[in-house]
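Q: Sharing a sequence plus its predicted fold:
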2 protein chains.
Amino acid sequence: MAPAPRTRLDPEARRAQLVGLGRRMLSTRPLDQVAIDDIAAAAGISRGLLFHYFPTKRDFHVAVARSAADDLLTRTDSDPDLPPTARLRAGVEAFVDHVAENRAAYVAFIRGSGGGDPQLAEVYDRTRAAFTDRVLDGLGVPPPVPPRLRAAVRGWVALTEEVTVHWLTPGPSGGGDLDRADVVDLVEQALVALVTMATGSFPPATEG
Amino acid sequence: MAPAPRTRLDPEARRAQLVGLGRRMLSTRPLDQVAIDDIAAAAGISRGLLFHYFPTKRDFHVAVARSAADDLLTRTDSDPDLPPTARLRAGVEAFVDHVAENRAAYVAFIRGSGGGDPQLAEVYDRTRAAFTDRVLDGLGVPPPVPPRLRAAVRGWVALTEEVTVHWLTPGPSGGGDLDRADVVDLVEQALVALVTMATGSFPPATEG
């Protein structure tokens, strides 16, 4: 969307435009350095008008983080008609590729969850919870999910994030000795190992 | 250490006092809200003198984070004379207990690694790397460590952190249905499952 000074947009379109500009900036800097003035200038609107849509800088940042999180969840939502293991693999591949293509923005999202902002921490927390629920659903585990299994899967979500981000980290401490297939295999097999550990089988026996 | 206006301390003791005050504040607020003025007042020194020891607020925050990280690594370093599995369990128990006793400060440390500060991110990254190396060392894996095994253990460190912090999170989305022993068992068994997945055995065969 090219900067178009004084273009009239309806409120929904304007909000979407501003969040989109924020997300593009997120690919080159952390969330807390996405400056309101730069966003307003890129949108061709006044700072005051931006604050009409997002009352505080924090509200804007939360909206940007939510949009990034929703996008991540959408892009990694593999075909529900696939068999569970194929669906898992497709989801893991989509996650690894999405993070690889958007490493800076993704790390900014993780890191932006910090800084002590409870609303941002909640966006991040809900994203991990959504991944956890999706995996449990894909495994055919009906509620109530055993707490041990839920914790194992939630831990796996964190493992997946760490292994993927670390693999993409440049330099000697990074994980550059693995290739994409190694990472996908490792993450996929880790879920099998952890679910088997937590429940005794993979997929888990479904006795509620 | 009670506030003692105008007490003379040698530079090392003064630095340690200031970092200690910062760490105590970290237990009630995130790192970026640990205010220099409050620290100086609690130490009974001027803001200017504090900046003599730590040229910028960021330098001070990095020193506080390093101290918290060193302390975490020291407290979880179990007796090297224990057999590997007992040492692992003792280390996991120490980690879970330390985080349980210092939840707010620990989460502040994790979160403080964000906000886009590269020095803080590095403190956090080095801490995860140190845990990874310690586990690999405890497993008797000589360098060069196979990249797949290193990635699995690093992922386990992230899993351990997530499972422990989530367990301690209050509210319906938290992991309150598990008790301490469940968490320790889960984390310990997760390492066995992940190392076995990565190498085919636990402890891993040591063929370099």
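A: Everything's here; your move.
Q: Tell me the helices and strands packed up against the helix or strand of chain A with the lowest mean pLDDT.
A: Sorting the helices and strands of chain A by mean pLDDT, DSSP states H and E puts helix A:103-112 at the bottom, at a mean of 72. If you count contacts as 3 or more CB pairs under 8 Å, 6 or more residues apart in numbering or on different chains; DSSP states H and E, helix A:103-112 packs onto helix A:11-26, helix A:57-75, helix A:118-138, helix A:147-167. Yep, even glycine has a C-beta here, placed from its N, CA and C like the rest.
Q: can you rerun that using 7 Å?
A: The contact analysis (3 or more CB pairs under 7 Å, 6 or more residues apart in numbering or on different chains; DSSP states H and E) places helix A:103-112 against helix A:11-26, helix A:57-75.
Q: quick one: which of those is nearest residue B:205?
A: helix A:57-75 (37.7 Å; CB to CB).
Q: quick one: that closest one to helix A:103-112, angle?
A: 120 degrees (axes from the mean of the first three to the mean of the last three CA atoms, to 10 degrees).
Q: Could I get the buried residue list for helix A:57-75?
A: Under the neighbour-count criterion of 16 or more other CB atoms under 10 Å in any protein chain shown, helix A:57-75 has A:60-69, A:72 buried.
Q: go on, stretch A:126-135?
A: With burial defined by 16+ other CB under 10 Å, the residues of stretch A:126-135 counted as buried are A:127-128, A:130-135.
Q: out of those, who's nearest chain B?
A: Ranked by distance to chain B (CB to the nearest CB), those are led by residue A:128 at 7.7 Å.
Q: What sits closest to the closest one if chain neighbours are left out?
A: residue A:157 (5.2 Å; CB to CB, 6 or more residues apart in numbering or on different chains).
Q: For that neighbour, which residues are in contact?
A: A:128, A:131-132 (CB atoms under 7 Å, 6 or more residues apart in numbering or on different chains).
Q: Report pLDDT for it.
A: Predicted confidence (pLDDT) for residue A:157: 97.
Q: With the one 4 residues further on instead?
A: Reading off the per-residue confidence, residue A:161 sits at a pLDDT of 93.
Q: next one: the one 3 residues further on
A: We note a pLDDT of 94 for residue A:164 in this prediction.
Q: For the residue nearest to it when sequence neighbours are not counted, which residues are in contact?
A: Distance criterion CB to CB, 6+ apart; nearest residue to residue A:164, sequence neighbours excluded, is residue A:99 at 5.0 Å. Applying CB under 7 Å, 6+ apart, we find residue A:99 in contact with A:106, A:164-165, A:168.
Q: Now residue A:99: phi and psi?
A: With angles defined as degrees, to the nearest 10, residue A:99 sits at phi -70, psi -40.
Q: same check, this time on residue A:141
A: phi -90, psi 120.
Q: Burial check on it, number of neighbours?
A: For residue A:141, the neighbour count with other CB atoms under 10 Å in any protein chain shown is 23.
Q: coming back round to it: for the buried residues of stretch A:126-135, which two are the farthest from each other?
A: Checking those with CB to CB, the most distant pair is A:127 and A:135, at 13.0 Å.
Q: State the pLDDT value of the closest residue to residue A:102 other than its chain neighbours.
A: Once flanking residues are discounted, residue A:102 sits nearest to residue A:27: 6.5 Å by CB to CB, 6+ apart. Residue A:27 is assigned a pLDDT of 77 by the prediction.
Q: Verify the stated contact: residue A:27 with residue A:105.
A: Yes: the pair residue A:27 and residue A:105 qualifies as a contact (CB atoms under 7 Å) at a distance of 4.4 Å.
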